[in-house]
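Colleague: I need the structure of the sequence given here:
(one chain, ligands or ions: 3)
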Amino acid sequence: MRPVLSVEETLRLEDLIEKEGTSKAALMEYAGEFLASVAMKAHPHHAVVLVGFGNNGGDGWVAADILSQKGVTVDVVSPIEPNEIKSPIARHVARRTAGRDVNVVVGPSRDELVEILAPADIVVDAILGTGFSGAVRAPFSIWIPTLNEMDMMVVSADVPSGLNAETGEVEGPCVQATYTATMLAPKIGLYSGEGPEFAGDILCGELYDRLDEVIDDVEHAADIVEPADLIEYFPELPAHVNKYSRGSVLVVAGSSAYPGAAIMAAKAAARAGAGYVTVATPDPCANLIRMALPSIPVVGIPADTRGAFGAAAGSAVRVLAGKFDCVLCGPGMTTAAGGMQVVTELLKSDVPLVLDADALNCMSRLAIGGIDTTPDVYRREAPLILTPHYRELSRLVGGEPVEDLGTAIDAAQRLLWAAGSDNMVVVAKGPRTAIVGVERVLLPKSGPASLATAGSGDVLAGIIAGNVAVSHGEVDRWEMQCAYSVAVHSFTGHIAAAAMGERSVIATDLIDAIGDAMGVVEEEALKDAGIELGA
Ligand SMILES: NC(=O)C1=CN([C@@H]2O[C@H](COP(=O)(O)OP(=O)(O)OC[C@H]3O[C@@H](n4cnc5c(N)ncnc54)[C@H](OP(=O)(O)O)[C@@H]3O)[C@@H](O)[C@H]2O)[C@@H](O)CC1
Ligand SMILES: Nc1ncnc2c1ncn2[C@@H]1O[C@H](COP(=O)(O)OP(=O)(O)O)[C@@H](O)[C@H]1O
Ligand SMILES: [K+]
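Modeller: Residues are numbered from 1 along each chain as shown. Ligands and ions are numbered 1, 2, ... in the order given. This is a model prediction of the structure:
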């Protein structure tokens, strides 16, 4: 697991490290060394280092000095003279570097900057870091577009300049980095909002040799799930299993309008490894689903006049639910009155429950006014996994905007805290999906944009339900099992894109790739853990 920090958490960590005897000035030296080492990977002959007014600039001044000592021709471009820099530690390293073998240019015009950049084979961007917010002001508002237009190899210090390290927002120009050399721990803004578009490859410099001992003394905005972390979470398939002991899933889904959602979710649960999957669906679409899924039993449930769950559906579904290891409810169900009753009844049951799609929309209707006014809606003894995309999540918290990873994590945490339940997990789905539990936020591997296709969420919900059923109710493992499921779903996106072309992927392609995707996740995990396949 690799921690990701907010700006405040980073500042707290710096203070802690200082208390342990390593000053911020020393950290700046290490940050500069790391930055130079990343730049050196490109074997440059000529580097331009763009520095700002603050400590991010300080990192750049140190890197410039080190690069020149390694024989690289270095130009440092600064908005002010080293003596005028306000931060004492940045001023110190700037004056030191300026007295050495680098060429310092202060306040160039746009044309002069173009001339300075043109002969360089790498640019170090140390203009703005965690102290930046808002829209970039002059002269950087001129420097940054000039740099981006020249399409050069760029290493950004800590974060690309112009990116808000906390939110991932970009309000004006922002450096398009090839690499981001981030210090101590990646900042959450690199993964949120527009962060992924600007950061390039993210490399982290630990800077402090006892980082492992102190990093858990500050909170983590999130933890990146690395391949080896998943090693204990592969669904097992011992020789003595039978179809029931492999895990059973009831998929409560579909309507005459949306039978496909039930088909995809059920098939995905079976492909993910559940031994016995059953669909409970409104009577009028039961036959169609039976024809599409010959290997899966389909139970017809009383319907309303529009082919959605009817008035008697709630009690019928609840009786059925007790027989399964996991119930997935929601895909294609609509939010008609019968569906609302189904959700209400399932919440009262003691079976692990995954709520997706329309079941979540039913939840937001049940908790009118948002979670704060009716937190009891979410309270239940048995575990609850919610899988909302941003719009569904926004509805669940009463309409507050959810637009990026940061706001999604905040909204998911509000749901958890208001519900006050320690057996709830929110899988906040988006371009970067976060798994938000009571004690931690996990960032599993993210998939390609080809996952943004109708029905893709139904497939993920099926994969999650399949894995929950196979795990037989070990609640403390569920967050990681959701992380495993999201990783599998991400790889289905890659595999399907390779087979069909990234623009042509449809949700049913993802289902066919689940088996191979589980194989890839396992292979990567073993490789990351240093375990040789076949050994
Ligand atoms: N974390 C760590 O352990 C370590 C951190 N270190 C490094 O320190 C960095 C943080 O340094 P920092 O706090 O000095 O802030 P930084 O990013 O240089 O920006 C401040 C400057 O930006 C300016 N500015 C602000 N908004 C602006 C705007 N809209 N448009 C234009 N300008 C704007 C602001 O101007 P002011 O508002 O004061 O006029 C001020 O001058 C961090 O990212 C990392 O690289 C390492 O050295 C050591 C280990
Ligand atoms: N741009 C993207 N990059 C990667 N994954 C994405 C992107 N957009 C959406 N996804 C993923 O695709 C899935 C879409 O789910 P959802 O919106 O519920 O689809 P549906 O309701 O049509 O089934 C989620 O798992 C989400 O994380
Ligand atoms: K920067």
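Colleague: Enumerate every residue touching whatever residue of the stretch 351-500 of the chain ends up closest to ligand 2.
Modeller: Ligand 2 sits closest to residue 457 of the stretch 351-500 of the chain, with a gap of 2.0 Å, by Cβ to the nearest ligand atom. (C-beta placed from N, C-alpha, C; glycine too.) Taking Cβ atoms under 8 Å, 6 or more residues apart in numbering, we find residue 457 in contact with 331, 356-357, 387, 389, 429.
Colleague: now do residue 499
Modeller: 509, 513.
Colleague: Now, the contacts of residue 457 that are in helices?
Modeller: residue 357 (DSSP state H).
Colleague: Now render the contacts of residue 457 as a markdown table, adding neighbour count.
Modeller: Output for the contacts of residue 457, formatted as a markdown table (neighbours: other Cβ atoms under 10 Å):
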| residue | neighbour count |
| --- | --- |
| 331 | 29 |
| 356 | 31 |
| 357 | 26 |
| 387 | 30 |
| 389 | 21 |
| 429 | 24 |
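Colleague: Which ones among the contacts of residue 457 also lie next to ligand 2?
Modeller: Contacts with ligand 2 are made by 357, 389, 429 out of the contacts of residue 457, judged by Cβ under 6 Å from any ligand atom.
Colleague: Using CSV, please lay out the residues you listed together with pLDDT.
Modeller: Listed next are these as CSV, based on pLDDT from 0 to 100:
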residue, pLDDT
357, 98
389, 97
429, 97
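Colleague: one step back: from the contacts of residue 457, which is closest to ligand 1?
Modeller: residue 429 (30.1 Å).
Colleague: For the spatially closest residue to the closest one that is not a sequence neighbour, give me its contacts.
Modeller: Nearest residue to residue 429, sequence neighbours excluded (Cβ to Cβ, 6 or more residues apart in numbering): residue 389, at 4.5 Å. By Cβ under 8 Å, 6+ apart, the contact set of residue 389 is 429-430, 457.
Colleague: can you redo the residues you listed as CSV with distance to ligand 3?
Modeller: Below are these laid out as CSV (distance: Cβ to the ion, whole Å):
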residue, distance to ligand 3
429, 30
430, 25
457, 35
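Colleague: tell me the pLDDT at the residue lying farthest from the centre of the chain?
Modeller: In the chain, the residue that sits farthest from the middle, by Cα atoms, centre = their mean, is residue 99; the gap is 44.1 Å. We have a pLDDT of 95 for residue 99.
Colleague: show me where the stretch 351-500 of the chain has helices.
Modeller: Counting by DSSP state H, counting those that start in this stretch, one finds helices in the stretch 351-500 of the chain at the ranges 357-366, 390-396, 405-419, 456-471, 478-500.
Colleague: which one of these is the most hemmed in?
Modeller: With neighbours taken as mean count of other Cβ atoms under 10 Å, the helices of the stretch 351-500 of the chain reach their highest mean count in helix 456-471, at a mean of 30.
Colleague: can you tell me the average pLDDT over that helix?
Modeller: Helix 456-471 comes out at a mean pLDDT of 95.
Colleague: Report the angle between that helix and helix 478-500.
Modeller: 130 degrees (axes from the mean of the first three to the mean of the last three Cα atoms, to 10 degrees).
Colleague: How far does helix 456-471 sit from its chain's centre?
Modeller: 18 Å (Cα atoms, centre = their mean, to the nearest Å).
Colleague: Near ligand 2, which residues of the protein are found?
Modeller: 357, 389, 429-431, 433, 446-449, 451-452, 454-458, 460, 489.
Colleague: go again using 8 Å as the cut-off
Modeller: The interface of the chain toward ligand 2, taken as Cβ under 8 Å from any ligand atom, is made up of 261, 264, 331, 356-357, 387-389, 392, 429-433, 446-461, 486, 489-490, 493, 507.
Colleague: In the stretch 151-300 of the chain, what residue comes closest to ligand 1?
Modeller: Nearest residue of the stretch 151-300 of the chain to ligand 1: residue 158, at 3.6 Å (Cβ to the nearest ligand atom).
Colleague: List the contacts of that residue.
Modeller: By Cβ under 8 Å, 6+ apart, the contact set of residue 158 is 31, 56, 59, 129-130, 165, 180-183, 187.
Colleague: What distance do you get for the residue lying closest to it once chain neighbours are set aside to residue 165?
Modeller: Of all residues not flanking residue 158 in the chain, residue 129 sits nearest, at 4.1 Å (Cβ to Cβ, 6+ apart). Using Cβ to Cβ, to the nearest Å, we find residue 129 at a distance of 7 Å from residue 165.
Colleague: same thing with residue 407?
Modeller: 16 Å.
Colleague: Then residue 303?
Modeller: Distance of residue 303 to residue 165, computed by Cβ to Cβ: 52 Å.
Colleague: and if you look at residue 301?
Modeller: Relative to residue 165, and taking Cβ to Cβ, residue 301 is found at 50 Å.
Colleague: And residue 386, by the same measure?
Modeller: In terms of Cβ to Cβ, residue 386 sits 29 Å off from residue 165.
Colleague: swap in residue 491?
Modeller: In terms of Cβ to Cβ, residue 491 sits 29 Å off from residue 165.
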